[in-house]
Structures are given as structure tokens and as C-alpha cells.
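Enquirer: Sequence first, predicted model second:
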Amino acid sequence: MIFKKYSFFILLLFGSASAQYTTTDESMTPLQLIENVLINSGCASVSNVSVSGGNFASGEKSWGYFNANGSSFPFTEGVVLSTGKIINTNGPNTFISDDGGGMGWNGDNDLNQALGLNNTFNATILEFDFIPIGNQISFDYIFSSEQYLTNPNPNQCSYTDGFVFLLKEVSGSSYENLAVIPNTNIPVKVNTVRGTGTICPAENEQYFGGFNGGEHPTNFNGQTTILTASATVIPGNQYHIKLVIADEGNYRYDSAIYLKGSSFSIGVNLGNDRTLANQNPVCFNENLTLNGTSNGAQSYQWRFNGNPIIGQTGSTLTFSPPYNSTQNGTYSLATTYSATCTNISEINLDFAPELTIGQTVYSYCDSDSNQDGISTILLNDIVTTLFPNLPSNYQVGFYSSPTSTTLLPNSFQNSTANQQIIYARILNNNCYNNVPVTLNILRFNGTIADETVGICVNIPASLIADSGYQNYLWNTGATTPTIQVAVPGIYTVSFENSSGCSITKTFTVVGSEIATIDDIIINDFSSNNTIEIIASGIGDYEYSIDGLLFQDSPVFTNLNGLQYTAFVRDKKGCGMVSQIFFLVQIPKYFTPNGDGINETWYVKNLIQRGLSQSIITIFDRYGKVITQFSGTDFGWDGTYNGRLLFADDYWFTITHLGKLLTKGHFALIR
């Protein structure tokens, strides 16, 4: 016998005198266990009861009666089937029960087939025939096992003994296993129902009752919650049920099935419990009829929490709204078949409270710029506003109509401008109510246009928002309709109308400043004198050479004057700059006739143009050099070696620092 490590310390600290543990009794016959313990009803029609199990040298059994003995074990009494001695199933939980050593006795082929196993042994089997009087059988059970280890190694995670509750009609050939996880076909075993807290993965933990300490009423490491095995049957037909539990793989770590006394019902099924805890109560707007009609019944009596309901002596019991919480409880039907046979069928009913709905109108602002009464909102965000007192366990979804099954997206855009009705489906434990919700889309009346504003750098300008609104807020933090700005950039202001809808206006502030004339590019040695004004700055500029007529282009052509003034003006009024420039002028003729007018030929404005070092050379038509002078000289008087030359065309070249600037000809007229 292997003792559990923690048991010694627990017993030292707390002792065992005050603890209560289960007890077992091996003296009852199999028929007594079925008729007097498991079924315990005068309506039972049971036959062919048999049991097989361990054949221990001491005469002890692997099956028998158990009693909670005042302990905390959930069942007061019942039948226990084990893969070892049932005397070792009783608490405290101080040693490992692993009877049936050396593969003590055989397994069971029907269990092997039902669970897909081939290596079971130490099988304890209880089976019998019965005839149901109702349309369903059911009984409650708990599966307990030493294999629920609190500190297993990885290999032990696969340890699992097997058990089945096999049912078939006597005339049938195939069994149905009733020992399955609720609403599935998965057999209940250690590795299909397990809690958290160990290296073994949790499985269906809602059905795991817990790991046991040393003072547990039984000598097992853990167990499931109370589970119910049930099946639909045909009243009056004969059935065979076979309850089997066996070791699988090895004899170590026994397991047991506890069958609740008096829980084997062969009567009428009134349906599944409808409770708030199960999240399937009777809905506040639902009509419900319980039907307990049974062939051969002589009388009926409905009861509520054990007390007869006056006047309710038929086979059905009908409920109609409105309901209240005083109707929550256990409803039972006593069906009498004979003087010695009255069957009790029960169902637990809770009635969901009616949903109290407050505001069903939600108003919000059109959030986009076109203000057409079409806008997008997040539906999940409006639930609290619409239903502020809704309990946290209620669920809300939105649908386009009361009958729609398609959930509206959370990001919802109304399809009807200004106002649209949708439906809030409020769900409480599978009960729901459709509530119409009117969506009012509020528009920001009036046209609010963005603006582009030009300012002169470092000279403050006013940005003026639209008037007649409230709660102005600029991105500068200002809260007035008008602000002063001196720095270019993007400025936004939001403000609200009387409905509380806000809109944002954007000012794009473009900076400007007085220009700087960097250069004037002059092309004046041609028949079409041109200039280009090169200016810099962050402004938008226009150009002029007379201060009166301005143009966007900085290029001016066909200039014939000697002196001009270039003007660059900022279009936003941030100032104007000017600069004088000169053009070189080459006369086409001169008249050295002694009248004092146009007596010499010279190139004008060379000095002003910075070309004073220019050399002008004059030739006659034959290429003979007549004279040569600089840009600072007074020019040519029409003589050669003191002698007047004849009227004729003469040629010239202008060079500057050795580079030819231009060449041409002019006329000497006398």
C-alpha cells in the first residue's frame, strides 16, 4: 500500500475524529441495489439483474452500497462500482488504491468496443433489464479516480481508466453509451474531463469537480461534477442496461463510479431544465407547455416546489406571460399508474425578467464634410447611451429589421438620409427582444469653406472664423472666433452649432515678404534688347520697369532706352523693391558737320554697364583701321589724321578684356 505524501501532515494537524467519510456496505444483493437503492420506486419493472467484479481472497467486493455518512459527498447514498475493493474507496484520502494487482481479473469486450480499447481488465459490471413507463430514463453519477494526479509526470497524462453505461432494447443488437460529456459523443474519462493546475492539459474543465486533499470523504485524488446519463426510450418496451468500469493499461490507480440513490428514473421526461444558471430560462415573452402525457396513467397532479398546484390535474401545464421571479422553482408531475406505482418527474424553471428599455432615439452629428445626412457611427459605442441600466450579462446586436438574421456591422453608415430606424436585439440568456432605435443624423447647416490667407512675415494678420456659433477651439489653444497669427502654416478651428454638432475649418496661411533683387541679366548688344530680373524671397511677386505696368514674367523685351528702373512688388502687399539699370546704346549714324549736334560717334553707357575698359575699333569699308578708342574716351569725330573723311558706312568692333562683345556698322553723314 502506497501512502500519499500529504496525508501524514494533515492527520497530525487536524486529526480524524471530527472528519466524516463515506462508508460502504457489501451485504446487499444485486437486486436490492437496483430496486431498493438505485431505482427505489414501486413503478420499477426490473429483471435479469447480475453483477460481476473482483474475486478477492478476503471475500471483499468491487461493488456495493455506499453512504455519505454525514460527509460533504454530494450523494447521500447510492451504488458504487470500482476497479478495486470498494472498502478502499472510503476516505480519508491517505493512500493510493490500486487493488487487482497482477491484472487480477478480466476486462469487458462491450466496454472495449464502445471505447475503442483492447487492453482492459479488472472490470466491474452491473446489468439488468427494465421496462420504462415514460419516454426517458436518466440517472446521476460521479466519476472518481486516483488517476487525477496533482503532480503527474508527462507519461501519466495519458493514464485513464474506462467506464460506460450501455443501453439497448432487449431485442436489439447494438449499444448506446450514455456516459458521455453533455451534448457530445465524447466518453467521460480522466483525459477528457480534467481541471487546470497540472502539466496535463485541461479538458472540459467545467465538468471537473476538483482535486482532493487528504480529508476528502473518499479515497480518490479527484472526481467529476455531478453528471446525468439519459436516453429517450419507448414506454412499454424492454431494455437492457450494462454499467461497466475497468482498468486500462495497468492495475495501478483505481477508479470508481458513484450512482446516486433513487435517481434512476424510468418515467416521463418533462424536458431539460430551463434556468438562468444554464443560460436557457423561459423567456419573458414565451408561451410554454409542459407535457407529461403517459400511456396507462390513471391520474396526474402537478406540484410547485413540492406543493400541489390547485386545479392542475391534467397531463399538461401551460405558462403564459407576464412572468415574475416568484414563479422560479421546481415543477413536478406525480403520475399514478396503480395503487403501488406513482412516478415523479421534475423540471427546474426560471423565468427571465422582462427587459426594461429606456431611450430608443439616438441623435448624432453628420461627421463628414458634405453634410448630406449620411454618416458613419460605431454601433457598439451607442449601447450604453441607449440602454444605460442594462445588466452586464445582456448582449446587444443591431439589425435592419425585427426578422433579420444578419448582424449590422459595428461601423454602420445609414442608407436613409437624416433619419433611419434600426433594431436593437437585446439578448439575455437566449431570450431576446427587438427594440426599434431611431437614428437622427444632425446636419451642420450653412456652408463652411476652408480659406487660404496670405500674410507678410512678422506682420500679424487676423484669422476670422465664421460667426454665430459657440465653443470655438483653435489648434493654437485659443477659444475666440478671431486670432492673430504672424507665422505661416496650417491653422484649424472647430466650433459647434446649437445642436452640439461641431465642424472644423482650415486656414492655410501662406507667408510672404518683400523681395530681394539678386541680379538683372541684360542682353543689350542686339537689335532686341532684353532683360530678366532675378529676385528671391518667399512671396508671390510681379515685375515692372516703369512702376506703373506690372507683369508676372520677370523678362522684358524690345528695350530701346538708356536707363530704366526695375521694380519687384509682392502681390500680397508686403512691399516693393527697385533697382536702376542701364542699357548700352550704339548709334546708327552721326553728323560731324560743325553744327554742334551729334558731332561724335561713341557707344553710350559703357561706363554705367561696367565696360569702361572696352576698346572700340573703327574701320573703313576696305578694312583699314581709322581709329581706336576706349570706353572712357569721347568717341570719333569723323577725321583721319586731322583730315575730314567722306560720308560713308564705317565698321566697328567692341572688345572687352580681349573678348569680342559685338560688331557692326554705322553711317557718317555730312
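Expert: Sure thing, it's come through.

Enquirer: My understanding was that residue 262 contacts residue 40; is that so?
Expert: Yes. Using C-beta atoms under 8 Å, residue 262 is in contact with residue 40, at 4.2 Å. Every C-beta, even on glycine, is put in place using the N, C-alpha and C of the backbone.

Enquirer: Tell me which residue is most central in the chain.
Expert: In the chain, the residue lying closest to the centroid (C-alpha atoms, centre = their mean) is residue 410, at 10.2 Å.

Enquirer: contacting residues for it?
Expert: Neighbour list for residue 410: 378-380 [criterion: C-beta atoms under 8 Å, 6 or more residues apart in numbering].

Enquirer: Give me the subset of those residues lying in strands.
Expert: Of these, the ones assigned to strands by DSSP state E are residue 378.

Enquirer: can you pick the most crowded of the contacts of residue 410?
Expert: Within the contacts of residue 410, residue 379 tops the neighbour count with 21 neighbours, counted by other C-beta atoms under 10 Å.

Enquirer: As a markdown table, the contacts of residue 410 with pLDDT would be great.
Expert: A markdown table is the format used below for these (pLDDT from 0 to 100):
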| residue | pLDDT |
| --- | --- |
| 378 | 94 |
| 379 | 94 |
| 380 | 92 |
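
Enquirer: And the contacts of residue 410, which is closest to residue 257?
Expert: Nearest to residue 257 among the contacts of residue 410, counting by C-beta to C-beta, is residue 380 at 47.7 Å.

Enquirer: Now the closest one: closest residue in space that isn't a chain neighbour?
Expert: residue 410 (5.1 Å; C-beta to C-beta, 6 or more residues apart in numbering).

Enquirer: Equivalent analysis for residue 319, please.
Expert: Closest residue to residue 319 apart from its sequence neighbours, by C-beta to C-beta, 6+ apart: residue 288 at 4.4 Å.

Enquirer: just checking, that neighbour touches residue 282?
Expert: Yes. Counting by C-beta under 8 Å, residue 288 touches residue 282, with 5.3 Å between them.

Enquirer: Need the residues touching each of those two.
Expert: 274, 319, 349.

Enquirer: Can you select the buried ones from these in PyMOL?
Expert: Restricted to buried positions by 16 or more other C-beta atoms under 10 Å, the PyMOL selection for the shared contacts of residue 288 and residue 282 reads:
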select buried, resi 274+349
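
Enquirer: for stretch 276-292, how far is the first residue from the last?
Expert: Length of stretch 276-292, first residue to last, C-alpha to C-alpha, to the nearest Å: 23 Å.

Enquirer: when you give positions from now on, start the count at 859
Expert: Sure, I'll start counting at 859 from here, so that last one is stretch 1134-1150.

Enquirer: Make a markdown table out of the shared contacts of residue 1146 and residue 1140 and add distance to residue 1335.
Expert: What follows is the shared contacts of residue 1146 and residue 1140, written out as a markdown table (distance: C-beta to C-beta, whole Å):
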| residue | distance to residue 1335 |
| --- | --- |
| 1132 | 60 |
| 1177 | 64 |
| 1207 | 62 |
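
Enquirer: and which of the shared contacts of residue 1146 and residue 1140 is nearest residue 994?
Expert: When the shared contacts of residue 1146 and residue 1140 are ranked by distance to residue 994 (C-beta to C-beta), residue 1132 comes first, at 16.2 Å.

Enquirer: mind checking how far that closest one is from residue 1191?
Expert: Residue 1132 sits 15 Å away from residue 1191, going by C-beta to C-beta, to the nearest Å.

Enquirer: which residues of the stretch 1109-1258 of the chain fall in strands?
Expert: 1113-1118, 1146-1149, 1157-1162, 1165-1166, 1174-1177, 1187-1196, 1199-1207, 1219-1223, 1234-1236, 1253-1257 (DSSP state E, counting those that start in this stretch).

Enquirer: Most tightly packed of those?
Expert: Highest mean neighbour count among the strands of the stretch 1109-1258 of the chain (mean count of other C-beta atoms under 10 Å): strand 1113-1118, with a mean of 26.
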